[in-house]
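I need the structure of the sequence given here:
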Amino acid sequence: MVGCDEMSGHLDTIRRVLDGDYTDASDEDRQRAVRELVQVCSVAAGAMTIQPFPLLDTALIAPIQIAMVQGIGKIHGHKLDTKSVLEMLSTFGASIVAQNVIMAAAKLIPFFGWVVTISMAYAMTWAIGEVSDHYFRNDRRIDEAELKAMFERIYRAKKAEKTEQHKSDTALRDKLALLKKAHADGLLTDAEFEAKKAALLSSF
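Reported below is the predicted structural model:
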């Protein structure tokens, strides 16, 4: 995941795209900017889930996703306000409410719930980015059913990819197991456990 310096770099990228001028940009330059924006926003969204309160996830992630969609729209010559972006997310099947319910439930999964939530936030944000790019590149003339199907396909593929990547990391699995045992044995308070878990997850 990301540290404070990396997160600052991601936010700088988002601001740079939102402040950029793409009027005379080539198609290649536009696609490069979109790829960079989707990548940094997906990583940043995953990082936001490293906190113990499930219902805070989307409150932290939503501004990143909204800025990403606005940035992609700007790259393709479209200006959107927050309300328009939220309507787009609902069209894709990725409303803020839906994301909140899904990720809150995932955090309740014993042991690897945190890892799953990171993967879900990353995958949802990536899928929103790719679908938004497709939508704007086609002048916003895409059937709603096609957008939803595309979102679902990309989301599932990215989530599976990231979840397996983390689960296959034996070092992460072993360290999380030790932390959980120390907490269960009373060697760590709830606050200490959450702090150490966050620090561990942020190092991978």
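
what's the spacing between Glu154 and Ala127?
Slight slip there: residue 154 is Ile, not Glu. Distance of Ile154 to Ala127, computed by Cβ to Cβ, to the nearest Å: 4 Å. Just so you know, the C-beta spots here come from the backbone N, C-alpha and C atoms, and that holds for glycine as well.

Quick one: mean pLDDT for the helix or strand harbouring Leu178?
Secondary structure from DSSP states H and E places Leu178 in helix 170-184. Average pLDDT, helix 170-184: 75.

Just name whatever secondary elements the first helix or strand past it going along the chain is in contact with.
On the C-terminal side of helix 170-184, the closest following helix or strand by DSSP H and E is helix 190-202. Applying 3 or more Cβ pairs under 8 Å, 6 or more residues apart in numbering; DSSP states H and E, we find helix 190-202 packed against helix 113-137, helix 170-184.

average pLDDT across the first one?
Average pLDDT, helix 113-137: 89.

now the next helix-or-strand element following it: mean pLDDT?
The element immediately downstream of helix 113-137 (helix or strand, assigned by DSSP H and E) is helix 144-167. Across helix 144-167, the average pLDDT comes to 87.

repeat for stretch 60-68
What stretch 60-68 shows for mean pLDDT is 91.

hmm, who's touching it?
For stretch 60-68, contacts defined as Cβ atoms under 8 Å, 6 or more residues apart in numbering pick out 14, 18, 37-38, 41, 44-45, 48-49, 51, 82, 85-86, 89, 96, 99, 121, 124-125, 128-129, 132.

Okay, buried residues for that stretch please.
For stretch 60-68, a neighbour-count test (16 or more other Cβ atoms under 10 Å) marks Leu60, Ile61, Ala62, Ile64, Gln65, Ile66, Ala67, Met68 as buried.

ditto for stretch 103-110
Met103, Ala104, Ala106, Lys107.

again, but for stretch 154-165
Going by neighbour count (16+ other Cβ under 10 Å), the buried part of stretch 154-165 is Ile154, Tyr155, Lys158, Lys159, Lys162, Thr163.
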